[in-house]
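> Task: produce atomic coordinates for the following.
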Amino acid sequence: MIKIDFYTVFWREMVVLKRRLWKFLVSRMVSPFLYLVAFGWGLGRSIQMNGGNYLQFVVPGIIALSAMNTSFNSVGTSLNMSRLYHKTLEEYLIAPISAFSVVLGNVLAGSLRGILSSVIILGLAYVFGAKITVNFWFVLVVLLTCFLFASLGVVAAMTIDSHEDMSNFSTFVILPMSFLCGTFFSSEKLPRLFHYFVELLPLTHASQSLRAIALGYDFPAVSLLVLFGYSLVLFAAGVIVVRRVR
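Just a heads-up that it's a prediction; the model follows:
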């Protein structure tokens, strides 16, 4: 009954998204629009990166960044509030539904939100004149990025015991990745020791993979394997922590 169980959780999240769809779409356009104005009409006209304009370099990084933030926050914040304050998570925990299905339903819902956010940015990027390649591998990397950060959202929501600490987690984990993991500049520009550390983080591999595919560079197969590995580990960790709460 795993299929029916996970669909029930996923459907509930889709009903919520449907009610707030326009607010969700519009809110996801603000930050990318400002990034593209700054880097497309501002810095993008005066900076060249690897033989191309900066706009084309930065768009894949912004897509990876948005996929991370939207997927993580939509699951982590919502689930944490449901667990600590609204107590709606208890409905799932006392129902005859597996921990696997609870996690899968929430992760897929968060991933879908991340994908919608990425599509919005991609559309805006074309409006601003970016010329990037989108193919099967590009879509796969976006899917993996959304999936792994939605899974991280589950782990954080189920282990952090206050809204303040959830905000601190975002400040000390999500925010540094947003700026240092190859989103706005190559991580190779960082000091060597710092560069090696950043290379271990998942957003770095997401940014590098999307940029390589979008600009026609050699495909980084290792980065794809790293994203698969993070997805499996974080999803499994999410199932474990939900089982412990039950």
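> Need the contact partners of stretch 159-167.
76-77, 80-81, 84-85, 156-157, 169, 241 (C-beta atoms under 8 Å, 6 or more residues apart in numbering). From N, CA and C alone the C-beta is placed, and that goes for glycine too.
> need the helices for this protein, in chain order.
Remark: helices assigned in the chain by DSSP state H are 2-19, 21-36, 54-81, 89-94, 99-127, 136-159, 163-169, 175-180, 192-198, 202-215, 221-245.
> ok, of those helices, where does mean pLDDT dip lowest?
With a mean of 71, helix 89-94 has the lowest mean pLDDT of these.
> how about the CA coordinates for that one, as CSV?
What follows is helix 89-94, C-alpha atoms only, in CSV (Å, rounded to 0.1, in the frame of the first residue of the first chain):
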residue,chain,number,x,y,z
LEU,A,89,1.9,16.0,11.6
GLU,A,90,0.4,13.8,14.3
GLU,A,91,-2.4,12.9,11.9
TYR,A,92,0.1,11.1,9.8
LEU,A,93,2.0,9.6,12.7
ILE,A,94,-1.0,8.0,14.2
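> Which of the residues in it are classified as buried?
89, 92 (16 or more other C-beta atoms under 10 Å).
> quick one: Asp141 from Val154, how far?
Wrong residue type there; residue 141 is Val, not Asp. Noted for Val141: a distance of 21 Å to Val154, by C-beta to C-beta, to the nearest Å.
> Just give the closest residue to Gly79, not the sequence neighbours.
Check again: residue 79 is Leu, not Gly. Nearest residue to Leu79 in three dimensions, chain neighbours excluded: Ala157, at 3.7 Å (C-beta to C-beta, 6 or more residues apart in numbering).
> The closest residue to Ser111 other than its chain neighbours: neighbour count?
Counting by C-beta to C-beta, 6+ apart, the nearest residue to Ser111 once its immediate chain neighbours are dropped is Cys146, at 3.9 Å. For Cys146, the neighbour count with other C-beta atoms under 10 Å is 31.
> isn't Cys146 right up against Gly114?
Yes. Using C-beta atoms under 8 Å, Cys146 is in contact with Gly114, at 3.4 Å.
> what residues are up against the residue nearest to Ser111?
Counting by C-beta under 8 Å, 6+ apart, Cys146 has contacts 67, 70-71, 110-115, 118.
> Check Asn73 too.
153, 170.
> State the distance from it to Ile97.
Taking C-beta to C-beta, one finds Asn73 at 24 Å from Ile97.
> and the spatially most central residue of the chain, how far is that from Ser207?
Centroid check for the chain by C-alpha atoms, centre = their mean gives Met68 as the closest residue, at 2.0 Å. For Met68, the distance to Ser207 (C-beta to C-beta) stands at 10 Å.
> Then Thr70?
15 Å.
> Equivalent analysis for Glu199, please.
Glu199 is 11 Å from Ser207, by C-beta to C-beta.
> Between the two, which is the more surrounded one?
Neighbours per residue (other C-beta under 10 Å) separate Glu199 from Ser207, with Ser207 holding more: 29 against 17.
> Wait, that one touches Gly61, no?
Yes. Assessed by C-beta under 8 Å, Ser207 is found in contact with Gly61 at 4.7 Å.
> Let me have the helices of the chain in TSV, adding distance to Ser186 as columns.
Shown next, in TSV, are the helices of the chain (distance: least, C-beta to C-beta, whole Å):
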stretch	distance to Ser186
helix 2-19	35
helix 21-36	17
helix 54-81	9
helix 89-94	41
helix 99-127	19
helix 136-159	18
helix 163-169	27
helix 175-180	11
helix 192-198	9
helix 202-215	9
helix 221-245	14
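> That concludes my questions; thank you for your assistance.
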